[in-house]
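Colleague: dropping a prediction and its sequence here:
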Amino acid sequence: MNTTENNACATITMLGTGYATATECYNTCFLLKTAEGMLLTDAGGGNEILTQMKKAGEDPARLDHMFITHAHTDHILGAVWIVRTAIQHTLNGLRTNVLCVYGHDRVIRVLRSICEMTLPGKYIPLLDSAVHFVILSDGDTFNVGDMSFTCFDIHSTKEKQFGYRAELPGGISLVCLGDEPFNETNRSMAANADWLMCEAFCLYADREEMKPYSKHHSTVLDAARTASELNASNLLLFHTEDRSMTTRGQTYTQEAATAFAGNIFVPDDLETIIIVKGK
């Protein structure tokens, strides 16, 4: 796998790579970073997000931008701790920047409600000053430093969920499809990306045992076929089962390679990948 370099235009650091009830790795969430900006996408299911960021060499108190795809526990509960940290450091005079939290109407409503019901009373007034909740609609755009994002409704079968297409320095395009199978409605947003980030719950070979389809998830082979059909250059797989951590990278890559000719990445938690254009 690739590691960071000082001259990299952009990097992805996978803070977590696992599905909802994973215990051998953290829930899927990641940092997308350039020289001028950093965005946390999802935050996992608890305060381990603070540990994972610390291990990755990033201070949660210095994070200014977070995007939440949807309101499932393994994506949104860690965000409460990011909000709490931002408010705590603001109260202590250690932070002046506002934390911008991006998401659709439901995810913002759920996150704010949890914060109002669970954070200390003195923190609540700062939800309107230390934090800026940005409600996005399908097709809306936002910028983080030198990165531009266009969000799209993935048409989830379970819970309203947004993915995004990011335009990065150097003309690099990156698409995050969220944690459900690709919907053909979003082809115009997802096609021809330099990087495609796609969930892959398990190997196709294990589909009968793991039952990904009843959980509304893809197999590795499904994700690889999607990447090929969308003409992606690089495929990054995440939101996986955690029973095969020692062999996951090898077996997932082997299965994906049968249907996708581009570069395949199956990162571990805390792995950083250099984002380059094309293959």
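Modeller: Sure thing, it's come through. All of these numbers come straight from a predicted model, not from anything done at the bench.
Colleague: going forward, measure contacts and count neighbours with C-alpha atoms only.
Modeller: Will do.
Colleague: show the end-to-end separation of stretch 123-140, please.
Modeller: Taking CA to CA, to the nearest Å, the first and last residues of stretch 123-140 lie 30 Å apart.
Colleague: could you give me the buried positions within that stretch?
Modeller: Across stretch 123-140, burial judged by 16 or more other CA atoms under 10 Å covers 123-124, 126-127, 130-133, 136.
Colleague: do the same with stretch 47-67
Modeller: Neighbour count says stretch 47-67 has 48-50, 52-53, 56, 60-67 buried, by 16+ other CA under 10 Å.
Colleague: before we move on, what about stretch 29-45?
Modeller: Buried residues in stretch 29-45, counted by 16+ other CA under 10 Å: 29-34, 37-45.
Colleague: do the same with stretch 268-279
Modeller: 268-278.
Colleague: dump the buried residues of stretch 47-67 to TSV, plus secondary structure, pLDDT and distance to Leu196.
Modeller: As requested, those are arranged in TSV below (DSSP: H, G, I helix; E, B strand; the rest coil; pLDDT from 0 to 100; distance: CA to CA, whole Å):
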residue	secondary structure	pLDDT	distance to Leu196
Glu48	helix	98	26
Ile49	helix	98	24
Leu50	helix	98	26
Gln52	helix	98	23
Met53	helix	98	23
Ala56	coil	98	22
Pro60	helix	92	26
Ala61	helix	87	29
Arg62	helix	91	27
Leu63	coil	97	24
Asp64	coil	98	24
His65	strand	98	21
Met66	strand	98	20
Phe67	strand	99	17
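Colleague: nearest to Asn231, of those residues?
Modeller: For the buried residues of stretch 47-67, the minimum distance to Asn231 (CA to CA) is 25.6 Å, reached by Phe67.
Colleague: surely that closest one touches Leu99?
Modeller: No: taking contacts as CA atoms under 8 Å, Phe67 lies outside contact range of Leu99: 10.9 Å.
Colleague: next, the contact list for the closest residue to Gly46 other than its chain neighbours, please.
Modeller: Spatial nearest neighbour of Gly46, chain neighbours left out: Gly78 (4.2 Å); criterion: CA to CA, 6 or more residues apart in numbering. Taking CA atoms under 8 Å, 6 or more residues apart in numbering, we find Gly78 in contact with 42-49.
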